[in-house]
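1. Got a predicted model here, sequence first, then my questions.
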Amino acid sequence: MSDVGVTVKFFASLREVVGVPEMQISASSLCQLKTHLKTQLPAPVLSELLAPNVRVAVNQALIEDDDLVLADGDEVAFLPPVTGG
Amino acid sequence: MSDVGVTVKFFASLREVVGVPEMQISASSLCQLKTHLKTQLPAPVLSELLAPNVRVAVNQALIEDDDLVLADGDEVAFLPPVTGG
Amino acid sequence: MTAQADSGDSRVVIQTADFSQDAVYQAMRKKLGAAVGAVVTFVGLVRERNAQAGSGEVVDTLTLEHYPGMTEASIARILEQAEARWPVLDCHVIHRVGTMRPAEQIVLVAVASAHRDAAFAAAEFVMDYLKTDAVFWKREVADGSAHWVESTDQDRQRADTWQQK
Amino acid sequence: MTAQADSGDSRVVIQTADFSQDAVYQAMRKKLGAAVGAVVTFVGLVRERNAQAGSGEVVDTLTLEHYPGMTEASIARILEQAEARWPVLDCHVIHRVGTMRPAEQIVLVAVASAHRDAAFAAAEFVMDYLKTDAVFWKREVADGSAHWVESTDQDRQRADTWQQK
């Protein structure tokens, strides 16, 4: 197990399908975090969470690289498509 | 002399060059009105009043036709280039 | 002099007094309720340094003159053209006349629509045609000397562009 | 919750409370004085009949959610892009979050410039990118059933158009 603890946030429709606004997970990379979620969440939830139009932000910056190394206390957010105005 | 009395209005820069905001003139057509003005106003004033960018309105509608027949009480206006906003 | 438009179009007001853009905005909201999705307001103000004044010149006053009746009708025609082109729910123009100083408000254009694209386009269209077609004259005094301001080539080009869209 | 932007950009405010577009307009005038020639304000409001709701459906509520910090930064980036493109003197965005009902104000965009063309273009640009790039989510309840509103193809096309101008 990794010693790296990160906060994972789910917004809007993703918060509804996951059922909680955030959870604490130990993971030292984005890839590891997703693997961890796959062991915890049911398939229908995962398919929404990992859909192509869902973006991931680490410490509020959008990240495309799954290999990104996470640091203790990092905040990882799953963002469904946005719209303002 | 015609019996048709019209009010002639001069706006903005034209009021300044003519020296009065309006005058009463007897004329039964626009053409006759301009002829009449030519006998009354000095050449430098006329050249401004009859410049290509000056438009003429009769009863507040723009008129291009010099042969337009005027009626007693009509209002003829000389309008230099407009700009609002 | 504060008068409703002689054209009979209550959406066009020419006045010497200053105006509240918020009063017009709130009246539109009240009238339209939940039908309105977008309101654009434009306010034009007197700048101290007019592009048409010489460089370094400072504007003292701007005096607007109009032709009562014909001026209101010229603006009403612009609003009618905007309404024919975009789904406008409501639109208003307040245009001041008389003598104004830098930083004072000159003109308000307010357009309400269900959607933002129509509100933006109609408001800009109205402003562009106010520059070229509305019956006003502007006398600017800058550094103590007066001149009459005319619409620019750029103004005419902007107005013409709408005919090509 | 009423907070200045965590991005440190005081021109971006996210709040649950309603806002006064006039307060922002008057503050801009006061700040800019006789340098400003044109102010465009845009207010977006909750419509009772949203185009995305089914025909005949009536909107009960619209709830906006945001990601504090990231949302403000996403809007600040849009303002910076507008400023890089047009000579903007000042610009502000107030965006509400929380639950709103039809006829309530959602968003204000206010842009001041020396000239009308820059003020109009920048305000419309900001609104177009708020639709596609600002970090908000909208949950609409219409006729008692809820759904998440997404930006439309038309929204994305409008935003893309600015890249071609």
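-> Arrived safely, thanks for sending.
2. where exactly do the helices run in chain C?
-> Per DSSP state H, chain C carries helices over the ranges C:21-32, C:70-85, C:116-133, C:153-164.
3. Point out the most buried one among these.
-> Most buried of the helices of chain C by mean neighbour count (mean count of other Cβ atoms under 10 Å in any protein chain shown) is helix C:116-133; its value is a mean of 24. Placement of C-beta: from N, CA and C, glycine included.
4. Can you flag the weakest of the helices of chain C by average pLDDT?
-> Considering the helices of chain C one by one, the lowest average pLDDT is found for helix C:153-164, at a mean of 94.
5. can you redo the helices of chain C as JSON lines with distance to residue D:137?
-> As requested, these are arranged in JSON lines below (distance: least, Cβ to Cβ, whole Å):
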{"stretch": "helix C:21-32", "distance to residue D:137": "26"}
{"stretch": "helix C:70-85", "distance to residue D:137": "34"}
{"stretch": "helix C:116-133", "distance to residue D:137": "19"}
{"stretch": "helix C:153-164", "distance to residue D:137": "37"}
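6. Tell me which of those helices sits nearest to residue A:54.
-> Closest to residue A:54 of the helices of chain C is helix C:116-133 (Cβ to Cβ; 27.1 Å).
7. which strands and helices sit next to that closest one?
-> Contacts of helix C:116-133 with other secondary structure elements, assessed using 3 or more Cβ pairs under 8 Å, 6 or more residues apart in numbering or on different chains; DSSP states H and E, are made with strand C:38-45, helix C:70-85, strand C:88-96, strand C:105-113, helix C:153-164, strand D:38-45, helix D:116-133.
8. Surely residue C:136 and residue C:68 touch.
-> No: if you go by Cβ atoms under 8 Å, residue C:136 and residue C:68 don't touch, sitting 11.5 Å apart.
9. Show me which of those two is the more surrounded one.
-> Higher neighbour count among residue C:136 and residue C:68: residue C:136, with 26 against 14, using other Cβ atoms under 10 Å in any protein chain shown.
10. returning to that earlier point: how about the helices of chain C, which one is nearest residue A:81?
-> Counting by Cβ to Cβ, residue A:81 lies closest to helix C:116-133 out of these; the figure is 19.3 Å.
11. how distant is that closest one from the center of its chain?
-> Averaging C-alpha positions (Cα atoms, centre = their mean, to the nearest Å) puts helix C:116-133 9 Å from its chain's average.
12. ok so, going back, now the helices and strands packed on helix C:116-133 in TSV, with distance to residue A:64?
-> Converted to TSV, the helices and strands packed on helix C:116-133 look like this (distance: least, Cβ to Cβ, whole Å):
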stretch	distance to residue A:64
strand C:38-45	34
helix C:70-85	43
strand C:88-96	43
strand C:105-113	38
helix C:153-164	40
strand D:38-45	31
helix D:116-133	16
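13. how much space is there between residue C:149 and residue B:68?
-> 30 Å (Cβ to Cβ, to the nearest Å).
14. neighbour-wise, which of these two wins?
-> Legend: neighbour count by other Cβ under 10 Å for residue C:149 and residue B:68, higher for residue C:149 (18 against 15).
15. residues contacting that one?
-> Contacts of residue C:149 were listed using Cβ atoms under 8 Å, 6 or more residues apart in numbering or on different chains, and they are B:83, C:50, C:52, C:62, C:138, C:139, C:140.
16. Verify the contact between residue A:56 and residue A:74 for me.
-> No: with the criterion set as Cβ under 8 Å, residue A:56 and residue A:74 do not qualify as a contacting pair; they are 11.6 Å apart.
17. Nearest spatial neighbour of residue A:21, chain-adjacent residues omitted?
-> By the measure of Cβ to Cβ, 6 or more residues apart in numbering or on different chains, the closest residue to residue A:21 outside its immediate chain neighbours is residue A:15, 5.1 Å from it.
18. What are the buried residues along the helix or strand hosting that neighbour?
-> Secondary-structure assignment from DSSP states H and E places residue A:15 in helix A:13-18. Of the residues in helix A:13-18, those with enough neighbours to count as buried (16 or more other Cβ atoms under 10 Å in any protein chain shown) are A:13, A:14, A:15, A:17, A:18.
19. can you list contacts of it?
-> Among residues not part of helix A:13-18, those counted as contacts by Cβ under 8 Å, 6+ apart are A:10, A:21, A:41, A:44-45, A:48-49, A:54, A:78-80, D:137, D:148.
20. got it, and stretch C:14-32?
-> C:1-3, C:5, C:13, C:36, C:39, C:41, C:43, C:66, C:68, C:71-72, C:89-90, C:92, C:94-98, C:104-105, C:108, C:110, C:112, D:20-22, D:25, D:41, D:43, D:45, D:103.
21. Distance of whichever residue of chain A sits closest to chain C relative to residue C:109?
-> As assessed by Cβ to the nearest Cβ, chain C sits closest to residue A:85 within chain A, at 7.6 Å. As defined by Cβ to Cβ, residue A:85 lies at a distance of 21 Å from residue C:109.
22. For the two, indicate the residue with more neighbours.
-> Using other Cβ under 10 Å, the more surrounded residue of residue A:85 and residue C:109 is residue C:109, with 30 against 24.
23. Show the pLDDT at residue 14.
-> You didn't say which chain, so I picked chain A. The predicted local confidence for residue A:14 is 98.
24. let's do chain C instead
-> If you check residue C:14, the pLDDT there is 98.
25. Name whatever forms a beta bridge with it.
-> On the basis of DSSP bridges, residue C:14 is bridged to residue C:3, residue C:95.
26. ok, it - how many residues close by?
-> So residue C:14, with other Cβ under 10 Å, has 25 neighbours.
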